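>>> Have a look; sequence and predicted model below, questions after that.
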Amino acid sequence: MALLWSFITMNTHSSEEILIIDVRTIEEWNKGHINAAKHIEWQVISEKIFDLTSNFDSEIYLYCRSGNRSGKAKKILDDIGFTNVINAGGKEEASIMIDRIMQNVND
């Protein structure tokens with residue numbers, strides 16, 4: 001299944017790139033994370049996002065513990081011009097959402 005990848009960069013039916021980013025601390029990341037996610041702490045996302053994509057239309061899913069930090073990261077990415085950023089909330093919520101998205105992509 002696609003979620004076994006350490007990072008998802010694939011084409012969906014709409015030919016958009018999908019990125020899943022955990023914006024928690026490295027300590028939280030090390031305790032467990034969604035397998036498909038990359039890690040960028042929310043405070044440095046404006047600098048590090050371009051290591052993953054330069055496509056401002058990429059579909060970007062952000063998550064943290066509760067949705068607060070991912071909300072802050074979403075605002076930062078929105079402010080620099082990314083057009084398709086989703087605050088997926090906490091890790092458990094994000095995992096469910098991403099599973100559904102991947103099922104739709106693989107159909």
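Received, thanks. Numbers count the residues shown, from 1 in each chain.

>>> Would you quantify the distance from His39 to Gly67?
Distance, His39 to Gly67, using CB to CB, to the nearest Å: 17 Å. C-betas here are computed from N, CA, C, even on glycine.

>>> for Gly90, same thing?
6 Å.

>>> neighbour-wise, which of these two wins?
Set Gly90 next to Gly67 and count neighbours by other CB atoms under 10 Å: Gly67 wins out with 18 against 15.

>>> mind checking the backbone torsions on that one?
phi 110, psi -10 (degrees, to the nearest 10).

>>> my guess is it meets Glu92, correct?
No - using CB atoms under 8 Å, Gly67 is not in contact with Glu92; the gap is 10.8 Å.

>>> where does the protein dip in pLDDT?
1-16, 105-107 (pLDDT under 70).

>>> Spatially central residue (nearest the centroid) of it, please.
Ile20 (2.4 Å; CA atoms, centre = their mean).

>>> Tell me the gap between stretch 96-107 and the middle of its chain.
On the basis of CA atoms, centre = their mean, to the nearest Å, stretch 96-107 is displaced by 14 Å from the centre of the chain it belongs to.

>>> make that stretch 57-72, sorry
On CA atoms, centre = their mean, the centre of stretch 57-72 falls 6 Å from the chain's centre.

>>> Outside of that stretch itself, list whatever touches it.
12, 16-24, 28, 34, 37, 42, 49, 53, 73-74, 77, 82-91, 93-94, 97-98, 101 (CB atoms under 8 Å, 6 or more residues apart in numbering).

>>> One more pass at 6 Å, please.
16-21, 23-24, 42, 73-74, 83-91, 94 (CB atoms under 6 Å, 6 or more residues apart in numbering).

>>> Ok, stretch 77-93 next?
For stretch 77-93, with CB under 6 Å, 6+ apart as the criterion, the contacting residues are 46, 56-57, 59-63, 65-67, 70-71, 74, 94, 97.

>>> Pull out the buried residues from the residues you listed.
Among the contacts of stretch 77-93, those scoring as buried are 59-63, 65, 67, 70-71, 74, 94, 97 (criterion: 16 or more other CB atoms under 10 Å).

>>> would you turn the residues you listed into TSV with secondary structure?
TSV is the format used below for the buried ones among the contacts of stretch 77-93 (DSSP: H, G, I helix; E, B strand; the rest coil):
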residue	secondary structure
Glu59	strand
Ile60	strand
Tyr61	strand
Leu62	strand
Tyr63	strand
Arg65	coil
Gly67	coil
Ser70	helix
Gly71	helix
Lys74	helix
Ala94	helix
Met97	helix
